[in-house]
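In: Model the following, please.
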Amino acid sequence: MKENGLTWREYLDRCRKYNHLLFVSGMDRRSRDGLTELNFQLLNTAAITAEEYRPHDLPLGWDSSPESTERTWLTKETETAYYNAIANREWQLNYFCADRDNPELDIVDQRRIRAEMLYKNPAFLSEHVFQKELADKAKQLRENYGIGKLMVSGDTRYLSDDLMRLLAVIARTTSEQAYSVLMRECLSGAEIYAPQPSYPVLERLTILRNPHISRNEEALVTPLAPVGPLREKYLSNLHYVAMVDSRSLIPDRLGGADYDGDTVHLYAEPLLSRCISRNYDGGLENADNLPLLKIPSVEPLIADANDWRARFETVKSTFSSRVGQISNAALRRSILAYDESLPVEEREQYRKETEILTILTGLEIDSAKSGVKPELSEYLGSRTAVKSLFLKYKGIAGDPDEHEWHELSKAKRLKAYFAGIEWDEVTANLERTPFYAQQLWKQTIHASPEQADSAELFTFAADPGWKDKLDPQTVERVRSIIADYEEAKRRCEAYRHLKPSTNYRKDVQRILFSRDQEDEISVEDLYHGFERYSHREIQGALERLRKSDWQFTPEEDRLAVLYELFTTSPPYCRDILCDFRCGGYRILGDILMDLDEQYRIAEVHKHKGINKNDSEQLRAMLQGAIGKADYQKQIIRNCMNIMQPPHFRASLSGEEIMRIPLDTVVQCAEALGKRRFILEVLPAAALDLAVDRTKPKKKKGFLSKWLMR
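Out: You can find the predicted model right below:
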């Protein structure tokens with residue numbers, strides 16, 4: 001605007017000529033319940049006592065909602081959310097029925113239709129579609145609880161300077177009076193403007209940015225009140241932005257945050273704000289907001305752009321971030337630094353190291369722009385004497401459930417973890433968190449709702465003989481459609497996770513290790529000996545192996561049997577295959593089954609999950625669905641086209657395919673016990689046929705009662 005000598009009005013006139021919008025992705029969706037995740041590092045750095053975190057006299061599981069308890073503690077929201085998801089029927093109904101007025105859902109969205117169905121008849125809540133979502137939500141809450149991601153009131157937003165000041169500076173180019181009016185509405189001190197909060201507005205909020213490593217990397221802020229009319233008019237729609245005064249120390253206190261897309265967490269939790277206030281000296285002004293850690297700026301490393309080695313080192317430095325390693329090293333020290341039960345000298349030493357690692361984290365983040373890597377060998381190169389129980393659990397819980405043959409499974413490692421710790425001796429809040437999450441799952445009563453009878457859900461089932469009135473041919477056709485629908489879903493899900501099993505290869509590796517032959521021949525060498533066989537030859541050898549008693553073959557006859565299994569010469573590694581020590585008879589079967597599975601998977605990928613013997617209807621059900629991320633929606637569209645084709649069409653056999661009325665499909669599916677199909681594919685038709693429980697029941701008069709005798 002300044003470069004082109006335009007006034008603010010002329011600049012706006014030019015902007016109006018273009019149909020462009022500034023859209024910030026990923027942050028424009030509102031929280032459904034006004035809750036957000038609490039950073040697990042804050043649990044350690046905030047001055048939270050054991051009574052404030054979770055009192056020891058509370059039950060570890062719940063048979064009623066924790067909300068009914070008047071006491072407050074930090075994990076209360078998380079435990080309440082978990083209880084609601086598994087046992088609180090009223091909350092569950094409100095959770096789903098909230099989608100009736102969800103502006104992000106179309107009027108024909110199936111989730112919205114199912115919400116209307118629940119509102120009309122709450123008995124549908126016991127169905128699989130709803131219970132599966134609640135079970136997944138409860139599982140996610142419990143797993144997040146174990147790794148310190150507690151649920152508290154608040155949200156996540158983009159951090160921004162006060163945009164009202166920006167508008168004032170722009171307006172000053174044309175009017176000093178407009179500048180003065182706008183400046184009167186600008187933020188100052190510890191004020192924050194976060195429009196349209198989905199949580200209760202409190203006197204003080206906690207603002208935090210990741211990564212959070214040491215104490216005093218968070219800030220207390222006060223919501224702006226009252227909000228000026230100009231701010232309300234121009235900025236109140238930015239519900240995903242948190243504005244602060246850039247002249248305050250809030251950005252510096254958040255680890256040197258800036259306004260180029262940094263996200264911050266806003267926590268509306270009174271107990272948490274009370275704990276954070278212990279780090280302040282009186283009020284919330286700049287003078288009370290000390291001490292704070294300042295990340296120093298570093299002169300960027302200037303390199304020759306024509307030097308390929310320099311370019312390589314720059315790219316390597318960009319993608320070799322050690323922020324996670326530094327955060328873990330700092331967490332181990334901060335657990336000790338803020339543990340009041342340790343001696344003062346020891347805590348002071350760990351506190352200094354934690355704060356040094358905080359500064360090093362900032363330098364490591366900035367190294368992507370400066371090219372200067374901080375020296376970390378003193379902290380990352382040596383083994384830590386004290387291990388963190390929390391980080392050990394976090395590592396096990398975050399690992400995929402894959403392991404070598406000689407390693408314990410994930411479930412067994414978690415069981416050994418909990419059994420090997422005397423939890424009564426653990427004092428740190430963060431360290432006890434995995435134990436609280438495990439006991440919450442074990443000791444909380446899980447409700448098991450029973451499915452309602454047909455007469456409770458659908459109006460047509462009021463007639464006791466409704467099943468007998470259905471056309472048998474229509475029932476059979478609906479049965480075949482549902483069977484193909486379920487098969488299509490199964491194939492699409494299997495296709496997404498299609499990969500060869502590693503169990504066969506691991507078993508071969510275990511046998512070679514047990515016989516001390518892993519140096520004599522590798523597993524890859526054994527597999528290499530079978531490369532010359534086609535899939536048909538592998539299948540034939542496997543079929544003959546299953547019919548033979550290979551595992552009982554005497555040693556002197558094994559080579560002859562091996563020749564019989566293969567139509568051509570057997571693989572060259574015959575001595576290994578004929579050695580039955582340590583379960584060695586399984587090697588041949590393992591390799592053949594592994595190769596057969598690999599060939600089958602390649603065949604599935606080649607034909608996109610469709611077999612040559614599939615019916616025309618199943619092929620139509622799978623059309624365009626295999627390999628798609630939203631395959632469920634595509635299968636439902638295909639299923640609707642099969643039940644109600646746009647035009648009458650003929651099948652390959654020449655028979656005309658007729659439409660089936662959707663209400664008839666609902667009745668047939670209910671008669672077949674396929675209610676899940678109804679709710680997934682035909683919620684709109686089911687809504688029209690559902691029994692309306694919202695209407696008040698009419699009282700029967702004397703004559704009605706007499707006639708019913």
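
In: Go through this structure and flag its longest helix.
Out: Longest helix of the chain, by residue count under DSSP state H: helix 344-370.

In: Pull out the buried positions in that helix.
Out: Under the neighbour-count criterion of 16 or more other CB atoms under 10 Å, helix 344-370 has 347, 350-351, 353-367 buried. Backbone N, C-alpha and C define where each C-beta goes, glycine included.

In: In this protein, where is pLDDT below threshold?
Out: Filtered on pLDDT under 70, the chain yields the residue ranges 1, 19-33, 286-291, 381-386, 405, 647-657, 695-709.

In: any chance you could map the strands in it?
Out: Assigned by DSSP state E, the strands in the chain fall at 35-38, 150-161, 191-193, 205-208, 218-223, 241-244, 263-267, 649-650, 656-657.

In: now for the longest helix of the chain, which elements pack on it?
Out: Under the contact criterion of 3 or more CB pairs under 8 Å, 6 or more residues apart in numbering; DSSP states H and E, helix 344-370 touches helix 308-318, helix 323-337, helix 377-380.

In: ok, now with 10 Å
Out: Here helix 344-370 touches helix 40-45, helix 308-318, helix 323-337, helix 377-380, going by 3 or more CB pairs under 10 Å, 6 or more residues apart in numbering; DSSP states H and E.

In: now the angle from the second one to helix 344-370?
Out: Counting by axes from the mean of the first three to the mean of the last three CA atoms, to 10 degrees, helix 308-318 lies at 130 degrees to helix 344-370.

In: Pull the CA coordinates from helix 308-318 and hand them back as PDB.
Out: Only the C-alpha atoms of helix 308-318 are listed here, as PDB (Å, rounded to 0.1, in the frame of the first residue of the first chain):
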ATOM      1  CA  TRP A 308      27.600 -29.100  -3.400                       C
ATOM      2  CA  ARG A 309      29.000 -30.300  -0.100                       C
ATOM      3  CA  ALA A 310      27.700 -27.100   1.600                       C
ATOM      4  CA  ARG A 311      24.300 -27.700   0.100                       C
ATOM      5  CA  PHE A 312      24.300 -31.300   1.300                       C
ATOM      6  CA  GLU A 313      25.300 -30.300   4.800                       C
ATOM      7  CA  THR A 314      22.500 -27.700   4.900                       C
ATOM      8  CA  VAL A 315      19.900 -30.200   3.900                       C
ATOM      9  CA  LYS A 316      21.300 -32.800   6.300                       C
ATOM     10  CA  SER A 317      21.200 -30.200   9.100                       C
ATOM     11  CA  THR A 318      17.600 -29.300   8.300                       C
END
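
In: Mind listing what's buried along it?
Out: Neighbour-count burial for helix 308-318 flags S317 (criterion: 16+ other CB under 10 Å).

In: Contacts made by it with the rest, please.
Out: 301-305, 307, 367-373 (CB atoms under 10 Å, 6 or more residues apart in numbering).

In: so can I have CSV of the residues you listed showing distance to D161?
Out: Supplementary listing: those in CSV, determined by distance: CB to CB, whole Å:
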residue, distance to D161
L301, 29
I302, 30
A303, 33
D304, 37
A305, 33
D307, 39
S367, 25
A368, 23
K369, 20
S370, 23
G371, 28
V372, 27
K373, 30
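
In: now for the strands of the chain, which one comes closest to G282?
Out: Among the strands of the chain, strand 218-223 comes nearest to G282, with 11.7 Å by CB to CB.

In: And that closest one, how far out from the chain middle?
Out: On the basis of CA atoms, centre = their mean, to the nearest Å, strand 218-223 sits 29 Å off its chain's mean C-alpha point.

In: Quick one: list the elements packing against it.
Out: helix 40-45, strand 191-193, strand 205-208, strand 241-244, helix 250-253, strand 263-267, helix 270-276.

In: which helices and strands does the second one pack with?
Out: Using 3+ CB pairs under 10 Å, 6+ apart as the contact criterion, the secondary-structure elements in contact with strand 191-193 are strand 150-161, strand 218-223, strand 241-244.

In: ok, now with 7 Å
Out: In terms of contacts (3 or more CB pairs under 7 Å, 6 or more residues apart in numbering; DSSP states H and E), strand 191-193 is packed against strand 218-223, strand 241-244.

In: Which strands border that strand, and is each parallel or antiparallel?
Out: Next to strand 191-193 in the sheet, as set by DSSP bridges, lie strand 218-223 (parallel), strand 241-244 (antiparallel).

In: residues touching T263, list them.
Out: Contacts for T263 (CB atoms under 7 Å, 6 or more residues apart in numbering) come out as 156-159.

In: typed the wrong thing, it's E456
Out: 123, 691.

In: ok so, going back, for Q140, which of the helices and strands packed on strand 218-223 is the nearest?
Out: Among those, helix 40-45 sits nearest to Q140 (CB to CB), with 15.3 Å.

In: what sits up against the closest one?
Out: Counting by CB under 7 Å, 6+ apart, 147-149, 208, 212-215, 218, 331, 334-335, 338, 429-430 sit against helix 40-45.
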